[in-house]
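Novice: coords please:
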Amino acid sequence: QVQLVESGGGLVQTGDSLRLSCVASGRTFSSYTMGWFRQAPGKEREFVSSIMWNGRTVYADSVKGRFTISRDNAKNTVYLQMNSLEPEDTAAYYCAAKLLGGVSNDQTSYNYWGQGTQVTVSS
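Specialist: Residues are numbered from 1 along each chain as shown. Presented below is the predicted three-dimensional model:
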């Protein structure tokens with residue numbers, strides 16, 4: 001069992017930055033592929049970014065160039081640095097862990113999910 005706890009969300013203004021963190025339990029965190037997803041009110045959950053154990057990353061087009069995913073295996077933590085935030089980024093952000101395979105935007109391939117942290121960007 002892997003537990004994921006997100007933090008770092010909040011209310012910010014357009015153009016501001018936030019850094020989300022996700023701490024994972026488990027002794028083999030370094031082997032997991034980690035992902036960030038988000039769900040805006042009234043919309044389906046969507047892929048944001050994913051990072052593999054070796055540092056390979058992939059991003060949704062909507063966040064490319066503004067968001068950066070990273071990981072610190074010594075701290076069992078994955079981060080999402082979000083810059084130049086826009087009102088369209090307002091959503092609950094979820095961290096997910098994928099035990100097998102590489103980076104992926106397929107939600108069904110992720111085995112464990114956190115409870116989410118809310119990000120609200122005001123115009």
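Novice: in the protein, which residue is closest to the centre?
Specialist: Trp36 (2.3 Å; C-alpha atoms, centre = their mean).
Novice: which SSE is that one in?
Specialist: Following DSSP states H and E, the helix or strand that holds Trp36 is strand 33-39.
Novice: before we move on, back to that, what sits against the residue nearest to the centre of the chain?
Specialist: Leu20, Cys22, Val48, Ser49, Ser50, Ile69, Val78, Leu80, Tyr93, Tyr94, Cys95, Ala96 (C-beta atoms under 8 Å, 6 or more residues apart in numbering). (C-beta placed from N, C-alpha, C; glycine too.)
Novice: partners of it in the sheet?
Specialist: Counting by DSSP bridges, Trp36 is bridged to Ser49, Cys95.
Novice: Arg38 and Ala60 touch, don't they?
Specialist: No: using C-beta atoms under 8 Å as the test, Arg38 is too far from Ala60 to be in contact (9.1 Å).
Novice: who touches both of these two?
Specialist: Listed as contacting both Arg38 and Ala60 by C-beta under 8 Å, 6+ apart are Glu46, Val48.
Novice: between the two, who's got more neighbours?
Specialist: Neighbour count, other C-beta atoms under 10 Å: between Arg38 and Ala60, Arg38 has more, with 24 against 16.
Novice: could you report the distance from Ala91 to Trp36?
Specialist: 11 Å (C-beta to C-beta, to the nearest Å).
Novice: about what we covered before: do you know how far the residue nearest to the centre of the chain is from Glu86?
Specialist: For Trp36, the distance to Glu86 - C-beta to C-beta - is 16 Å.
Novice: how many neighbours does Val78 have?
Specialist: Residues near Val78, counting by other C-beta under 10 Å: 29.
Novice: for it, which three-state class applies?
Specialist: Using DSSP: H, G, I helix; E, B strand; the rest coil, the secondary structure recorded for Val78 is strand.
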